[in-house]
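Engineer: Need coordinates for the below:
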Amino acid sequence: MGNYLLGIDNGSTVSKAALFDLKGKEIAVASCAADTEYPHPGWTERDMEMLWQSTATAIREVLANSGARPEEIAGIGNTGHGNGVYLLDKQGHPLRNGIQSLDIRAADVVTGWNQRNLHAQVFPFTLQSFWPAQPNALLVWIKKNEPRNYERIGAILMVKDYIKFRLTGEISGDFTDMSGANLMDVGNKCYSSELMALYDLSEVYDALPPLKHSSEVAGHVTSAAAKETGLAVGTPVVGGLFDVDASAIGSGVIGPNQACLVMGSWSINEVITKDPIVDPRLFMTTIFADPDLFLTIEGSATSATNLEWFVNQCCGDERAEAKRRGISVFEICSEEVATVPPDGTNIIFHPFLYGSNVQPTARAGFYGVAGWHTRAHLLRALFEGVVFGHLSHIEKLRAAGGQIDNARLAGGGSRSPVWSQMFADTIQVPMEVPDGNELGARGAALSAGIGAGIYRDYEEAVQEAVSVVRVHEPIPTNTSLYLARYAEYQRMVEVMQEPWEELNKLS
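Structural biologist: Next up is the predicted model:
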């Protein structure tokens with residue numbers, strides 16, 4: 001038995017490798033930029049060889065930084081952004097650039113599907129909504145616009161599956177990632193030729209990769225991969241998982257009626273259930289890493305990136321103070337918010353800088369700002385607006401039958417006690433904040449630990465390797481204040497529907 005587990009996380013901007021001991025402690029972390037290309041407006045792509053090289057670099061660096069011997073690594077798990085598509089040709093080589101999950105080239109494909117009500121036909125299989133960056137839409141776009149490439153498709157992979165292929169030489173997908181890609185019969189946990197025919201993608205049905213469970217050994221590090229990464233030949237690599245599952249597991253969320261809220265580029269709100277939630281109004285229901293459970297997800301690009309924008313544009317004083325004190329500027333912002341009590345402002349903020357879950361043309365805005373308000377008031381309104389964006393998703397989950405008994409808060413914003421308390425007060429459940437920073441990589445590493453025989457199952461893995469550093473109990477007096485402002489937040493959403501449409505015409 002080895003002493004360490006390696007988790008690999010390929011996000012939208014960096015390739016990351018994190019080494020953990022068997023108690024879940026981060027030993028070393030390394031990352032390497034994985035540059036995005038924008039060949040046309042709305043396209044986001046990455047050179048697949050460059051992506052592999054960035055991952056190999058991160059692995060080499062984490063080994064060097066940790067001082068661990070490669071043979072001490074008991075297993076490797078990986079995760080990455082969901083959706084997009086990374087294609088191999090029939091000889092196992094990259095077919096074209098990989099397409100990322102922020103790509104919108106297939107928007108017209110989705111529009112056409114909606115016009116002919118295709119969603120009603122495929123939803124009983126997929127249990128999720130359409131989205132331009134999902135592989136079903138991208139494959140239809142490639143079939144129409146790149147027919148030669150379409151004919152040469154040998155394997156349809158997600159980003160983490162491509163990295164797994166480079167590590168092991170084996171082609172495989174996993175149930176969590178593929179069930180979130182609009183390509184599976186989620187209820188029956190299998191591919192469907194009938195579903196692929198509805199998309200007019202029957203020709204590439206056989207290119208769908210064999211499915212592995214997240215903790216199932218899918219292959220072993222090859223000599224070629226060992227030479228490039230510094231890993232030991234033969235190290236087991238497991239099936240891996242969708243980043244939302246990885247974040248949940250790395251946070252310790254593994255059982256029914258537990259929720260994980262992730263504050264990052266996206267507002268991710270997920271709840272685990274014993275039976276699939278079937279509701280076409282929801283974002284998606286997927287197969288969880290524990291294959292006996294399901295994960296229902298509500299999300300939008302409305303979370304902590306709003307604060308990053310505000311800090312970059314409006315917080316020069318705070319950045320200077322952070323530099324002087326040697327701390328994060330976000331800590332300074334949190335301190336400023338704490339100076340304004342929950343009843344100290346009536347400003348409303350819509351966190352729609354990068355999109356929304358209310359309408360495509362929605363935009364961000366501060367409402368009710370007056371001359372006596374300070375930057376602290378604006379920051380508190382922004383914090384609250386992000387929380388209200390999460391709450392709007394939680395309400396949809398609850399309305400569809402998702403029961404939330406307790407929740408864990410992850411992502412950069414969870415480091416702020418005042419922000420975490422807002423979540424507890426507004427969601428009205430105890431909000432637990434787990435230890436650690438690289439929760440997605442840890443979730444992948446724990447899956448590898450199960451595959452390597454270190455842990456019996458996810459329950460034992462979490463018990464051994466995840467702990468809670470803070471618990472925020474709801475404060476009822478605060479709850480009434482927040483919910484009153486949330487009602488105004490929602491009313492402003494309705495009022496702004498037509499103005500947003502008109503503003504979009506002017507842009």
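
Engineer: Return the helix or strand in this protein with minimum mean pLDDT.
Structural biologist: Ranking every helix and strand in the chain by mean pLDDT, DSSP states H and E puts helix 497-506 at the bottom, with a mean of 89.

Engineer: would you put the C-alpha positions of that one in PDB?
Structural biologist: Only the C-alpha atoms of helix 497-506 are listed here, as PDB (Å, rounded to 0.1, in the frame of the first residue of the first chain):
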ATOM      1  CA  GLN A 497     -37.100  41.600 -18.200                       C
ATOM      2  CA  GLU A 498     -38.100  44.100 -20.900                       C
ATOM      3  CA  PRO A 499     -35.400  46.700 -20.200                       C
ATOM      4  CA  TRP A 500     -32.700  44.000 -20.500                       C
ATOM      5  CA  GLU A 501     -34.100  43.000 -23.900                       C
ATOM      6  CA  GLU A 502     -34.000  46.600 -25.100                       C
ATOM      7  CA  LEU A 503     -30.500  47.200 -23.700                       C
ATOM      8  CA  ASN A 504     -29.300  44.100 -25.600                       C
ATOM      9  CA  LYS A 505     -30.600  45.600 -28.800                       C
ATOM     10  CA  LEU A 506     -28.400  48.600 -28.300                       C
END
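
Engineer: can you pull the buried residues of it?
Structural biologist: Trp500 (16 or more other C-beta atoms under 10 Å). For the C-beta atoms, the positions are set from N, CA and C on the backbone; glycine is no exception.

Engineer: Likewise for stretch 70-89?
Structural biologist: For stretch 70-89, burial by neighbour count (16+ other C-beta under 10 Å) applies to 70, 73-88.

Engineer: ok, now stretch 180-195?
Structural biologist: Neighbour-count burial for stretch 180-195, counted by 16+ other C-beta under 10 Å, picks out Gly180, Ala181, Asn182, Leu183, Met184, Asp185, Val186, Gly187, Tyr191, Ser192, Leu195.

Engineer: Tell me which of the buried residues of stretch 70-89 fall in strands.
Structural biologist: Ile73, Ala74, Gly75, Ile76, Gly77, Asn78, Thr79, Gly80, Tyr86, Leu87, Leu88 (DSSP state E).

Engineer: which residues sit in contact with the first one?
Structural biologist: Same thing as Ile73. Residues in contact with Ile73 (C-beta atoms under 8 Å, 6 or more residues apart in numbering) are Gly2, Tyr4, Leu5, Leu6, Leu19, Leu231, Ala232, Thr235.

Engineer: wait, which of the residues you listed is closest to Gly252?
Structural biologist: Nearest to Gly252 out of the contacts of Ile73 is Leu5 (C-beta to C-beta; 16.0 Å).

Engineer: Would you double-check that the closest one falls in a strand?
Structural biologist: Yes: assessed with DSSP: H, G, I helix; E, B strand; the rest coil, Leu5 lies in a strand.

Engineer: from memory it sits against Ala17, does it?
Structural biologist: No: if you go by C-beta atoms under 8 Å, Leu5 and Ala17 don't touch, sitting 11.4 Å apart.

Engineer: Poorly predicted segments of the chain, please.
Structural biologist: Counting by pLDDT under 70, the ranges of the chain that qualify are 1, 507.

Engineer: sorry, back to before: and of the buried residues of stretch 180-195, the nearest to Lys164?
Structural biologist: Lys164 has its nearest neighbour among the buried residues of stretch 180-195 in Ala181, at 15.6 Å by C-beta to C-beta.

Engineer: Now the closest one: closest residue in space that isn't a chain neighbour?
Structural biologist: Pro135 (5.1 Å; C-beta to C-beta, 6 or more residues apart in numbering).

Engineer: measure Ala464 to Gly255 for me?
Structural biologist: In this structure residue 464 is Glu, not Ala. 16 Å (C-beta to C-beta, to the nearest Å).
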